[in-house]
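# Could you work out the structure for the sequence below:
(2 chains)
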There are 2 protein chains.
Amino acid sequence: MTRRAADVLVVGGGLVGCALARALARRGASVTVAERGRTGEEASGAAAGFLSPQADFAVDGPLARLGVASRALYPTWVRAVARESGVDPHWRRRGMLYVAVSAAEERALAARVGWQRGLGWRVERVSARRARALVPGLGPAVRGGVFFPDDASVDNERLVVAAALAARRAGVTILEGCTVGRVLARGGRVSGVESTHGPLAAPAVVLAAGAWAAGVALARGVPRPAVVPVRGQMVVLRGLAGLVDRPLHGRDGYFAPRGDGRVLVGSTYEHVGFDKRVTAGAVGALLAMAERLVPATAGAHVEGVYAGLRPATRDGLPVVGAAPGAAGLWYACGLYRNGILLAPAIADAVADLVTSGTTRWPIEAFSPARAAARLIRRTRPGAGRARSRDPRRS
Amino acid sequence: MTRRAADVLVVGGGLVGCALARALARRGASVTVAERGRTGEEASGAAAGFLSPQADFAVDGPLARLGVASRALYPTWVRAVARESGVDPHWRRRGMLYVAVSAAEERALAARVGWQRGLGWRVERVSARRARALVPGLGPAVRGGVFFPDDASVDNERLVVAAALAARRAGVTILEGCTVGRVLARGGRVSGVESTHGPLAAPAVVLAAGAWAAGVALARGVPRPAVVPVRGQMVVLRGLAGLVDRPLHGRDGYFAPRGDGRVLVGSTYEHVGFDKRVTAGAVGALLAMAERLVPATAGAHVEGVYAGLRPATRDGLPVVGAAPGAAGLWYACGLYRNGILLAPAIADAVADLVTSGTTRWPIEAFSPARAAARLIRRTRPGAGRARSRDPRRS
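A predicted model of the protein is given here:
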């Protein structure tokens, strides 16, 4: 290997990879991103774009805390990325309304209220009437819910484009169509990667490869991050303007309105390997869920259907930090449902780590050294029907 | 007007227009087809491709009879079109299974058996067990049904391509992107049309413009054909091979397997004007219907969704024959759900009429002179939910 590609080589050109590359370049590092396809074409582009840690997390924990901290970074961060790139990612703080259609769902929601208020986070229990004032399209099935006024959203499709452009403006080289097969190491130190563009030399490598993170070969003795794909399907609607203009969640799915008039309806949680196909059962279930919450869904227009692959871990926590056993190798993996929300915080934290070896961000719980973060065997794709609820969450 | 475009100008490059143009050219006429978009991009391409008059018609009548006659033409006709074009339209005679999920549906189906047997047509009442032998994917909701062994199917997307190529090989000129605004007449005789390609002179004009037939201006006193668009929505599935390998119908929808592994699931009947958008309510209802009949639908992959516009008339019968009040103007319009099935017969009948003024085909009931065939007012698009059953049919 002769050519030094960069000070830091980032494997993966999704939002985390691009945000991290930009952060590193702004600290003076030369950075190359190796993206197997095109930037943003996988989970970063397929997500709903919710920045809603309060609605998302039923219980307190390091992930919910980091989510709220990252949500707080967003206004400043997204403004900078928009300015640098010229692309407006449509960040909006309209809150998230989480509704219930049964007494059991109301009770489950109520649990969020207590601990969040205890932390000083704003939460509003709402009647059916108040819920309809917030989201006029809600139907009679809705009994009430909880409103999280500080939760926000972003158009992640636009954001990942903006982040890639901002990274390039900062001097980052993004190699699209470049698949990394192996991380190279000598004497316990990373020296670069083998890729479809040939060997790329770098003294630091960050694995930010989403659902594909476990597919990159590492040096003997270095455990791969235990990340598996979890499919989420989505239906794209149009024609709900004035009815669903802010993020809306129910137990079995959500509505994510975009600034361009589209409303995304999602999603499923399916262990089917790297299969991004859309199934009839999931589309039917999502539309039935959507029509129950918002009856006008029946007359909305279907603009498309698609699926993405969330990078999931066994304990639901990300894998972020130094790889055990290989100096210069870092992980920024396993962000599951939280990649968009956490991107600014993770980018900052990993940029700290790569440049100084330490960070003030509280990411100890996400350590690659913990047992759950180490790949112990290949997880095989499961069979069975799509779930509309994350089985790990209430 | 100086240039004589052809002996016959056909307005509309769908299957009927292309089949007719080919038939006329083979009889020695010079023919030009004016197609507003591309050949086959409207209802001819959007149809299910069933050649199933026995399953389709609950009662006897001239349309059912013509349907059976046209079905009988198909093997020879489609072979000729395939040979001339080099495109195989995947004609198959696998019968049509029409299933019932309730006693009321069983009774409604039984009505078809009597009169069809009286006419000597083959019909087989089938048990649930026999139905599952014919279509292994059927679920427990199915109580039995009726099998029509002589009903057939064709890949209409391929067929309309083949028919357009065959017409061109026979010498027909097809002008794509050519919208006809007006039929010109002098002294009660047609002289050609005004089009976006300029004036096109022809002593005979055939209106085969599908749902757009009523939009062409005619000479004063010549009634426009009373044709309105009726939207039909479709979901394209993949992954039912071995489960649904022959046409399958229920009261609320159907499965149309294609030779390439796709299965079309349709459809709706909606008066919404020229709106070809797909609605969430229709997709949800079609998938629920499909899953009820064939539970494995839940795991099938959704390849796409689309809609087409059937050219409907007030009495459900086509408008075929000489236009009243303008010598040289002919109608081949209003074929509604039956355009694919009837194309060979209508092409032959109208080719007879244009070249000799008479035909032996029994099309009297479809006369443009009848009251129901004359446009008396603009029909306005209706509102309301999509229906999954044709309201005019049992």
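# helix, strand or coil for the residue of the stretch 1-150 of chain A found nearest chain B?
Among all residues of the stretch 1-150 of chain A, A:Gly137 sits closest to chain B, at 12.4 Å; criterion: CB to the nearest CB. Glycine gets a C-beta too; all of them are placed from N, C-alpha and C. Secondary structure, DSSP: H, G, I helix; E, B strand; the rest coil: A:Gly137 is coil.
# ok, it - how many residues close by?
21 (other CB atoms under 10 Å in any protein chain shown).
# Quick check: it vs A:Met96, distance?
Separation of A:Gly137 from A:Met96 (CB to CB, to the nearest Å) stands at 15 Å.
# Over to A:Trp121?
For A:Trp121, the distance to A:Met96 (CB to CB) stands at 12 Å.
# list residues touching both of those two?
Residues touching both A:Trp121 and A:Met96 (CB atoms under 8 Å, 6 or more residues apart in numbering or on different chains): A:Gln54.
# okay, the two: which has more neighbours?
Higher neighbour count among A:Trp121 and A:Met96: A:Met96, with 27 against 18, using other CB under 10 Å.
# helix or strand for A:Leu109, which one?
According to DSSP states H and E, A:Leu109 maps onto helix A:103-118.
# Which positions are bridged to A:Leu309 in the beta structure?
A:Arg231 (DSSP bridges).
# Name whatever forms a beta bridge with A:Ser195.
Applying DSSP bridges to A:Ser195 gives these bridge partners: A:Val180, A:Gly198.
# Show me which residues of stretch A:241-249 are buried.
A:243-249 (16 or more other CB atoms under 10 Å in any protein chain shown).
# And stretch A:21-33, by the same measure?
For stretch A:21-33, the neighbour count (16+ other CB under 10 Å) marks A:21-27, A:29-33 as buried.
# So which of those are in strands?
A:31-33 (DSSP state E).
# Adding distance to chain B and pLDDT, write these out as TSV.
As requested, those are exported to TSV (distance: CB to the nearest CB, whole Å; pLDDT from 0 to 100):
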residue	distance to chain B	pLDDT
A:Val31	38	98
A:Thr32	36	98
A:Val33	32	98
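# Same list (these) but as TSV, adding distance to B:Ile174.
Formatted as TSV, these follow (distance: CB to CB, whole Å):
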residue	distance to B:Ile174
A:Val31	55
A:Thr32	53
A:Val33	50
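# Pick the one among these closest to A:Glu157.
A:Val33 (18.4 Å; CB to CB).
# That closest one reaches A:Val8, doesn't it?
No - checked against CB atoms under 8 Å, the pair A:Val33 and A:Val8 is beyond contact range at 9.4 Å.
# Now for the two: what residues contact both?
Counting by CB under 8 Å, 6+ apart, the common neighbours of A:Val33 and A:Val8 are A:Ala21.
# I'd like to know which elements the helix or strand bottoming out on mean pLDDT in chain A is packed against.
Across the helices and strands of chain A, the lowest-confidence element by mean pLDDT, DSSP states H and E is helix A:103-118, at a mean of 93. Secondary-structure packing of helix A:103-118 (3 or more CB pairs under 8 Å, 6 or more residues apart in numbering or on different chains; DSSP states H and E): helix A:53-56, strand A:96-100, strand A:144-148.
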